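> Let's see this in three dimensions:
(chains A and B)
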2 protein chains.
Amino acid sequence: MQTTTLNSILVQLRAALERDDLAGAVSMLQALRAPDQADLFSELNDEHQVVLLPELHPTASADILEELDDEEAAELVSALPMETVIRIVDKMEPDKAADLLGDIHPQQAQTVLAGLEDPDEVRPLLLHPDDSAGGLMTSEFLALRRRMRAAEAIQAVRAWQPEAETIYYLFVVDRFGKLCGVVNLRQLILADPATFISEIMDPDVVSVRVGTDQEACARLMARYDLLALPVIDAEEVLLGVITVDDLVDVLEDETTEDIQRLGGAQPLERSYLDTGVFTITRKRIGWLLLLFLTETLTGSVLRHFEGELQSVVALAFFVPLLIGTGGNAGSQTTSTIIRALAVGDIDLGDALSTLWHELRTGLMLGLAMAGIAYVRALTWGSPPPLALTVALAIFTIVVWANGLGSLLPILAARLRIDPTVVSGPVMSTLVDATGLFIYFTTARFILRL
Amino acid sequence: MQTTTLNSILVQLRAALERDDLAGAVSMLQALRAPDQADLFSELNDEHQVVLLPELHPTASADILEELDDEEAAELVSALPMETVIRIVDKMEPDKAADLLGDIHPQQAQTVLAGLEDPDEVRPLLLHPDDSAGGLMTSEFLALRRRMRAAEAIQAVRAWQPEAETIYYLFVVDRFGKLCGVVNLRQLILADPATFISEIMDPDVVSVRVGTDQEACARLMARYDLLALPVIDAEEVLLGVITVDDLVDVLEDETTEDIQRLGGAQPLERSYLDTGVFTITRKRIGWLLLLFLTETLTGSVLRHFEGELQSVVALAFFVPLLIGTGGNAGSQTTSTIIRALAVGDIDLGDALSTLWHELRTGLMLGLAMAGIAYVRALTWGSPPPLALTVALAIFTIVVWANGLGSLLPILAARLRIDPTVVSGPVMSTLVDATGLFIYFTTARFILRL
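Next up is the predicted model:
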């Protein structure tokens, strides 16, 4: 729905709540789709939220809780009466319910769990970390048996009424519960009713272990265009299924994290305007400080070359230009390499070919920049030896920045550190001190200082 | 499949091709899943590719062509005999076939189109830009009619044998072809065979116009967890369907573009190692040059304050530190804001609340950095007035960088420019010149120069 339409509904919704017209507010909200409901709901203040949620149909409340940010949902639930929470959680998808219970006070979680209609659907999911295959999967799936006939399988599908997630892939298990194949609903409809499932199933199933990282699961689903990914334990027993809507959420969250890290900040846990200024500051100050302290190195380099600087003050004019260009060339390289690593265009074994690729790119970029810098320095009235110094320095700095920018992310990945730590700000800071050193050393030689 | 396994298969595959064992190569490749086949195939040299592709089963060749980068596929097709191309394109999904035909020589495209079994499935798709809903949709869909009974609909599904894309949402049209509802396959199976489709369909369908931008389509599908998105024309006639595998591809491509732009480079069109050094240079040199020329402003600022610089050379030591911190604070802000805009956490109307959010964050970060800079300058042996200058300047620069970093992406978006142009490198460069100006102006006042 258009943002403008939603905004005008929000105004009406707030007005209805202000004049205590709960029924009006409920009908306004329930006319919308779940993600829109959640959007409007999260714009309301805490009191309105606490009053409104119990009045909605439990299914609608469950949808809203599923769509809210984890922290926001946990805070809200802690403010509601226990019976209301139980009624709503009962209608949530088991994987989302487990996430929520993991975020609230353990004692409250125990009470809610005990009150659920089917606690065994949720309990096993509590064991797995949120960001693993086990935390992402739902336990609400239908497993077929190899010896079933197509007609029986269709009967089972009819009899099975999942609450929310529609699964079109039906996984097949043997009598020990081991995953042994997959059938899709269309094949089932097309098949002769008397056919055995084992005859129409595809025995070659892509699956993941329960501890697999969520990003790896998402990449696998994206690569093989899967609508559902089965999760198994060490004995290959089918434990749950990850569905495509979770895949999209995971990819989006991981991208948000990557982009925030690339900007040199720790990722935020909830949406931007809902995150307090104090939290945002906390997420940024660490890197900012670390980079500041690293950057003081540049001061030491400058002090080291104080004599040169005093005899040719004009050298100082080019300092920001040189280190700026080095930082920019480095950022261009790292962002390309980090993304290539993330989507699998290059892997950890490609360090040398990547370095070679970037060094050649750096040579070309460096030559072009050196030519332009030479001309620019001359037109600024610098004597030719100074112009030559600047040109040589910029060439060396660009090649160095490209080389460093290609190796550092791969090195980080090898050390099992997220390569996004080598962000633009980190590159600029690293290149600043080394760039200055290159510049003044070149100046010493050429200007014979 | 594991990268290591794939790499060892690649070695064997190359060996087979070297000794002209085409049958061996074919069976090696056809044992793999389509995305793995495409990966290995694209690692082969051009001659091997041209020899191998016609030998594969046309369905396998079609899968490979669909998975290859656009440019790579077009080059390969141009080197193959026309009959082979026609045989393969016939097995491709219509939307992918249209993309391919749009990338090759128009005359060749005409010949291929004329030779296809069902050219009318592909021809209308050629009219739409690749990155619009029309370019993304497939024309291979099954539309139900409102007056059909459930049993007839199931019969239609059975009779309809789509080549590749499995669609579990079935869209319902009226007699003019206008979209009027959606039924999913599960509902169809559960329904009484005599029920009319109009009774079980959901009339509230999310759809897009044919010209809608692909990223908007993807955001819509992600937001409402859709497995399929119907595409309509101005008269609401159903033209095609976008499926969830395309959604994932679009989100991934857009993310790659965003991250490359955030690093200050134009996005690459194909995967990293397949992109020539010359092309990479071309994609980066524009921004690097523009930023270089902008950065020469800092030289002018320094020259403007040459007198101050000569009387207190120590002022120069803090230049990289101050502009570095400003650039880092600015990058942190823009990357957060750009992502918040992309996922819809903030919209264009939120400029003021975003600015307010960032100014407060900037105040806190600025205070912290000023305190630390003051202490650091003193321990470096700077006289207290100089330390005070540095502290005041860093405070002002951080607040300024945060404010600028929050407004520029929103301003860009308002001017319908991609906000990622306000990348880290752009922020650093903008903050460099203005930051120096702030620094020397502060110095003038405090040091009474």
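
> which bits of the stretch 101-250 of chain A sit near chain B?
A:154, A:157-158, A:166, A:168, A:184-186, A:189-190, A:206, A:221-225, A:227, A:244-245, A:247-249 (Cβ under 8 Å from any Cβ of the partner chain). In this view, the C-beta of every residue, glycine as well, is placed from N, C-alpha and C.

> The same query, at a cut-off of 10 Å, please.
Residues of the stretch 101-250 of chain A lying close to chain B (Cβ under 10 Å from any Cβ of the partner chain) are A:154, A:157-162, A:164-169, A:184-191, A:204, A:206, A:218-227, A:243-249.

> how about stretch A:388-396 as CSV, C-alpha atoms only?
Only the C-alpha atoms of stretch A:388-396 are listed here, as CSV (Å, rounded to 0.1, in the frame of the first residue of the first chain):
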residue,chain,number,x,y,z
LEU,A,388,56.6,15.2,-10.2
THR,A,389,56.7,14.3,-6.5
VAL,A,390,52.9,14.5,-6.2
ALA,A,391,52.4,12.5,-9.4
LEU,A,392,54.8,9.7,-8.4
ALA,A,393,53.3,9.6,-4.9
ILE,A,394,49.7,9.4,-6.1
PHE,A,395,50.6,6.6,-8.5
THR,A,396,52.3,4.6,-5.7
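
> for that stretch, what is the average pLDDT?
For stretch A:388-396, the mean per-residue pLDDT is 95.

> Pull the CA coordinates from the host helix or strand of A:Ser61 and hand them back as CSV.
A:Ser61 belongs to helix A:58-67 when elements are defined using DSSP states H and E. Output of helix A:58-67 as CSV, limited to C-alpha atoms (Å, rounded to 0.1, in the frame of the first residue of the first chain):
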residue,chain,number,x,y,z
PRO,A,58,-5.5,-13.4,18.1
THR,A,59,-4.5,-14.3,14.6
ALA,A,60,-4.1,-10.6,13.7
SER,A,61,-2.2,-10.0,16.9
ALA,A,62,0.1,-12.9,16.2
ASP,A,63,0.8,-11.6,12.7
ILE,A,64,1.7,-8.2,14.2
LEU,A,65,4.0,-9.7,16.8
GLU,A,66,5.7,-11.7,14.0
GLU,A,67,6.3,-8.6,11.9
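
> can you pull the contacts of the residue in the stretch 51-200 of chain A that chain B sits nearest to?
The minimum distance from the stretch 51-200 of chain A to chain B, using Cβ to the nearest Cβ, falls at A:Tyr168 (4.8 Å). A:Tyr168 makes contact with A:184-186, A:188, A:227-228, A:243-244, B:166-169, B:184-186, B:227 under the criterion Cβ atoms under 10 Å, 6 or more residues apart in numbering or on different chains.

> Now the two most distant members of those residues.
With Cβ to Cβ as the measure, no two of these lie farther apart than A:Leu188 and A:Val244, at 19.1 Å.

> picking that back up, per-residue confidence at the residue of the stretch 51-200 of chain A closest to chain B?
On the pLDDT scale, A:Tyr168 gets 74.

> how deep is A:His57 tucked in, by neighbour count?
12 (other Cβ atoms under 10 Å in any protein chain shown).

> A:Pro203: how many residues sit nearby?
A:Pro203, neighbours per other Cβ under 10 Å, totals 11.

> I figured it was touching A:Cys180, is that so?
Yes. Counting by Cβ atoms under 10 Å, A:Pro203 does reach A:Cys180; the two are 6.3 Å apart.
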